[in-house]
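Novice: Attaching a predicted model along with its sequence, questions to come.
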Amino acid sequence: MGGSRVQVNKPHKTRFSSKSSRNIHKVSQKDKNRIAKSDGNVTKGARAARLQRSKMLRDQKRTALLKEKRASSGSCSPPRVILLFPLSASANVNSLAEDILSLLSTEGTRALLSTVASSEYKLRATVLQAPHGDLLSCMEMAKVADLIAFVASATEESTCDYIDSFGSQCLSVFRSLGLPSTVVLIRDLPTELKRRNEAKKICTSSLTSEFPEDCKFYPADTKDDLHKFAWLFKEQRLTTPHWRNQRPYLMAEKVDMVPDDSNPGNCTLLLTGYTRAHSLSVNKLVHVSGAGDFQLSKIEIIKDPIPLNGRKEHDAMDFDDIQDVEVTRSLVPDPLNQESFLVENVPDPLAGEQTWPTEAEMAEADRSQNQKRPRKRTLPRGTSEYQAAWIIDDTDEEDSDAKDDDKGDDGMILDGGESGFPSQEGTNNPDFEEDQASLYLKDSDEETENDSVMMEGENLSREQIEDEIKKIKEAHAEDEEFPDEVDTPLDVPARKRFAKYRGLKSFRTSSWDPKESLPPEYARIFAFDNFARTQKQVFAKALEMEQESRDDCAPAGSYARLFIKEVPLDVASKLCVVSRTAPIVLCGLLQHESKMSVLHFSIKKHDGYDAPIKAKEEFIFHVGFRQFVARPIFSTDNINSDKHKMERFLHAGRFSIASIYAPISFPPLPLIVLKGAGGASTPTVAAVGSLRSIDPDRIILKKIILTGYPQRVSKLKATVRYMFHNPEDVRWFKPVEVWTKCGRRGRIKEPVGTHGAMKCIFNGGLQQHDTVCVSLYKRAYPKWPEHRFPVLNA
């Protein structure tokens with residue numbers, strides 16, 4: 001056997017060891033006490049530090065909450081804005097507004113203004129009435145409202161339908177903008193107590209799902225009901241959307257204009273109201289909603305016409321007398337610190353011109369010329385060197401012709417195995433040069449260039465407009481069924497019709513230079529090296545200016561008159577007309593927010609909009625307080641790729657990215673897209689969304705698919721026709737990979753015949769009913785708008 005299998009254990013040596021060796025691993029009682037005492041001190045100190053930090057955080061939150069409460073309900077705070085919005089046409093908000101104003105106004109007097117101060121409730125409020133049916137006015141009021149009071153009528157006829165179609169549309173728009181604090185006021189309740197409670201319960205259960213969870217329902221028929229609502233409103237902590245607290249804004253209570261003698265075409269626009277959210281600097285740019293960006297010439301801080309603790313006769317003061325109050329302080333901009341009004345970059349027309357070569361470049365050219373080895377030529381016998389200089393080298397011409405023929409055979413080259421370009425410079429094809437001038441007539445933007453016809457509806461008859469709408473609807477349905485598929489024209493060669501397109505071996509991994517072949521509009525816009533870092537610095541600078549309490553700023557809550565200079569006369573006159581029905585909102589701009597760039601929005605088609613939304617059509621974009629006109633293009637949002645596929649239409653039920661040329665705005669900001677409905681004065685809501693990013697280098701590729709059909713199939717080979725119509729086009733697109741709708745991939749081998757048929761080789765057997773496709777791409781850009789602000793187009 002291989003040895004003993006008996007288990008042998010290690011002997012226990014305790015009996016042979018001394019007491020000192022047995023206790024060497026133990027800790028003495030003295031050391032144990034010392035270590036325990038030290039650990040206790042460490043633990044106690046860490047616990048004390050945690051408690052101290054928790055107390056500090058609680059104190060900071062308490063201080064911030066107290067400061068916010070004082071700012072929103074103190075004597076120096078601006079009046080709270082209450083928007084009364086009727087959920088249906090049967091809800092009467094005029095009588096409700098009169099009841100609330102009479103309740104808040106001083107006893108014995110009648111409120112002549114929409115802004116009142118109540119010493120009993122220690123509250124100042126501005127009551128706005130949303131006109132039912134006017135979408136733009138309701139949107140502008142909702143942007144500045146601190147509390148939206150939805151008014152529902154509980155009449156017996158409308159027990160099943162408290163919200164009509166317009167109310168539902170506005171409610172969805174308010175959700176997209178961000179709802180502030182909300183309540184529901186129920187009117188027209190029965191006088192009998194039992195029926196009154198039942199009607200209130202039915203109305204509450206019907207409307208609960210439409211509003212936030214913290215929304216309260218109040219009856220609002222009697223003075224006692226309004227008294228209860230006023231006390232709760234005074235103590236309520238109002239919440240506003242985050243985007244509204246990032247910039248100072250002002251809701252104009254009076255709009256006036258002063259002609260400018262030095263410039264007959266312009267004037268000075270005067271807006272009077274309370275500054276809100278933040279202090280407004282006279283050196284910063286401002287945006288007047290719908291009219292554009294401007295500079296301030298002066299800010300006058302006026303004594304508050306309706307103070308909270310003023311005399312009783314202030315409530316009965318006539319509105320014209322308010323303008324005669326004293327000016328406490330005037331702010332004039334500093335020419336050295338005033339932000340310049342820069343909108344577009346001024347391109348240099350000579351930036352792309354060829355300059356005179358430098359001495360280093362000429363020396364390099366001489367060295368390269370000397371390094372060329374002279375080629376030995378075969379000369380006829382008896383030919384001198386002088387005669388040889390005049391002999392035309394036939395071999396050179398043959399070589400160059402052969403190279404040109406090779407390039408002509410494979411005109412579209414896959415760049416580095418990744419992408420293909422139409423090699424125009426390396427082709428000596430005379431047909432290409434002759435038709436180069438007419439290339440732009442059949443440009444690849446032909447599908448979207450005719451969209452401007454719809455914007456010129458006044459030049460078309462009714463039948464022509466109906467035909468255009470029918471064509472757009474047919475194109476929308478075809479794009480959903482056969483996306484990206486186009487037909488190769490019969491009268492124009494495909495290599496010229498699709499000269500701007502290229503092939504990609506892989507849409508996800510192939511490279512595409514974002515600075516290549518940019519349009520002229522890119523010379524007029526601005527870009528950031530690091531947008532996230534710039535945004536962080538801009539907000540930090542604005543917060544620092546707010547905390548410094550500078551002398552050039554009108555503090556939040558002050559009653560001020562703003563002088564806006566160099567406003568066109570027609571714009572100012574239109575604003576004066578619009579101010580009768582809707583509030584004119586002015587907001588302060590952050591640094592860089594007047595400059596043009598490429599903005600990208602996450603956008604979704606509105607549920608109530610049924611018409612197709614085509615790319616590059618003209619829309620009105622409401623981004624926060626700002627409004628501007630844009631012509632967007634739509635694209636997908638690929639997470640795992642730097643390239644994004646363009647969409648010709650904005651399809652319902654999914655989010656897309658809309659890219660436009662517009663002034664820079666720092667996110668987060670909500671988006672409401674409006675579309676003018678023919679000659680109607682009120683546009684309709686087409687889409688909603690939010691601002692995603694600002695990036696001119698975002699690559700959006702327009703994809704087209706050319707299709708052909710197998711004529712003869714033999715195992716892995718097939719003859720495909722109807723994709724091209726001449727053999728030159730087949731040679732041009734030869735480097736591009738082909739694929740089929742059944743999952744086969746292959747390549748073009750050679751043309752067959754003279755009518756554009758071609759022989760292809762695939763990686764598997766091809767079926768006769770399959771369709772052979774070629775994918776081509778080109779970069780797409782938004783359209784530059786003809787006018788940038790909607791007031792000019794009103």
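Specialist: The structure has been received and is ready for your questions. No experiment lies behind these values; they were computed from the predicted model shown.
Novice: ok, which stretches of the stretch 101-250 of the chain are strands?
Specialist: Applying DSSP state E, counting those that start in this stretch to the stretch 101-250 of the chain gives strands spanning 115-118, 123-129, 147-153, 181-187, 216-219, 249-259.
Novice: okay, those in TSV with mean neighbour count next?
Specialist: Placement of C-beta: from N, CA and C, glycine included. Output for these, formatted as TSV (neighbours: other CB atoms under 10 Å):
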stretch	mean neighbour count
strand 115-118	22
strand 123-129	22
strand 147-153	23
strand 181-187	22
strand 216-219	18
strand 249-259	19
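Novice: Could you export the ones you listed as a markdown table, including mean pLDDT?
Specialist: Shown next, in a markdown table, are these (pLDDT from 0 to 100):
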| stretch | mean pLDDT |
| --- | --- |
| strand 115-118 | 86 |
| strand 123-129 | 90 |
| strand 147-153 | 92 |
| strand 181-187 | 92 |
| strand 216-219 | 91 |
| strand 249-259 | 92 |
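Novice: Just put those strands in JSON lines and tack on distance to residue 791.
Specialist: JSON lines is the format used below for the strands of the stretch 101-250 of the chain (distance: least, CB to CB, whole Å):
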{"stretch": "strand 115-118", "distance to residue 791": "26"}
{"stretch": "strand 123-129", "distance to residue 791": "21"}
{"stretch": "strand 147-153", "distance to residue 791": "25"}
{"stretch": "strand 181-187", "distance to residue 791": "30"}
{"stretch": "strand 216-219", "distance to residue 791": "38"}
{"stretch": "strand 249-259", "distance to residue 791": "13"}
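Novice: To residue 684, which of those strands lies closest?
Specialist: strand 147-153 (21.4 Å; CB to CB).
Novice: measure residue 223 to residue 105 for me?
Specialist: Using CB to CB, to the nearest Å, we find residue 223 at a distance of 13 Å from residue 105.
Novice: With neighbour numbers in mind, choose between these two.
Specialist: Counted by other CB atoms under 10 Å, residue 223 and residue 105 do not tie: residue 105 has more neighbours, with 19 against 10.
Novice: I'd guessed that one sits against residue 116; true?
Specialist: Yes: using CB atoms under 8 Å, residue 105 is in contact with residue 116, at 4.8 Å.
Novice: Select, out of the strands of the stretch 101-250 of the chain, the one closest to residue 171.
Specialist: Here strand 147-153 is closest among the strands of the stretch 101-250 of the chain (CB to CB), at 8.0 Å.
Novice: Look at the closest residue to residue 240 other than its chain neighbours and say how many residues are nearby.
Specialist: In space, residue 240 comes closest to residue 180 once its chain neighbours are excluded; the distance is 5.0 Å by CB to CB, 6 or more residues apart in numbering. Residue 180 has 20 neighbouring residues, counting by other CB under 10 Å.
Novice: Likewise for residue 57?
Specialist: 10.
Novice: From what I see, residue 203 and residue 186 are in contact.
Specialist: Yes: the pair residue 203 / residue 186 is scored as a contact, 5.4 Å apart, by CB under 8 Å.
Novice: Which neighbours do the two have in common?
Specialist: Taking CB atoms under 8 Å, 6 or more residues apart in numbering as the contact rule, residue 203 and residue 186 both touch 152, 154, 217.
Novice: I'd like those residues as TSV, with distance to residue 573 appended.
Specialist: Converted to TSV, these look like this (distance: CB to CB, whole Å):
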residue	distance to residue 573
152	38
154	43
217	43
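Novice: ok, so of these, who is nearest residue 733?
Specialist: Nearest member of the shared contacts of residue 203 and residue 186 to residue 733, counting by CB to CB, is residue 152, at 64.3 Å.
Novice: just the strands in the stretch 601-750 of the chain please.
Specialist: Counting by DSSP E, counting those that start in this stretch, one finds strands in the stretch 601-750 of the chain at the ranges 619-623, 626-630, 633-635, 643-647, 655-663, 670-675, 684-694, 699-714, 717-721, 738-740, 745-752.
Novice: which residues sit against the second one?
Specialist: Right, the one you point to is strand 626-630. Residues from elsewhere that reach strand 626-630, judged by CB under 8 Å, 6+ apart: 287, 289-290, 587, 618-621, 660-663, 665, 782, 785-790, 793.
Novice: Specify the angle between it and strand 670-675 in degrees.
Specialist: 50 degrees (axes from the mean of the first three to the mean of the last three CA atoms, to 10 degrees).
Novice: Residue 565 belongs to a strand?
Specialist: Yes: using DSSP: H, G, I helix; E, B strand; the rest coil, the assignment for residue 565 is a strand.
Novice: That one - nearest residue in space that isn't next to it in sequence?
Specialist: Nearest to residue 565 is residue 297, by CB to CB, 6+ apart, at 4.0 Å.
Novice: again with residue 629
Specialist: Using CB to CB, 6+ apart, the nearest residue to residue 629 is residue 785, at 4.8 Å.
Novice: surely that neighbour meets residue 618?
Specialist: Yes: assessed by CB under 8 Å, residue 785 is found in contact with residue 618 at 7.0 Å.
Novice: Between these two, which contacts overlap?
Specialist: Here residue 785 and residue 618 have 629, 630, 631 as joint contacts, going by CB under 8 Å, 6+ apart.
Novice: Among these, which one lies nearest to residue 239?
Specialist: residue 630 (30.6 Å).
Novice: show me where pLDDT drops low in the stretch 451-600 of the chain?
Specialist: For the stretch 451-600 of the chain, the stretches flagged by pLDDT under 70 are 451-462, 465-466, 469-470, 473, 476-481.
Novice: Number of residues surrounding residue 568?
Specialist: By other CB under 10 Å, neighbour count at residue 568 equals 17.
Novice: in the sheet, who's paired with it?
Specialist: Per DSSP bridges, the residues bridged to residue 568 are residue 266.
Novice: Kindly report the same for residue 631.
Specialist: Beta-bridge pairing for residue 631 (DSSP bridges): residue 783.
Novice: For it, give me its contacts.
Specialist: Per CB under 8 Å, 6+ apart, neighbours of residue 631: 616, 617, 618, 619, 660, 782, 783, 784, 785.
Novice: Surely the first one touches residue 782?
Specialist: Yes: between residue 616 and residue 782 there is a contact under CB under 8 Å: 7.3 Å.
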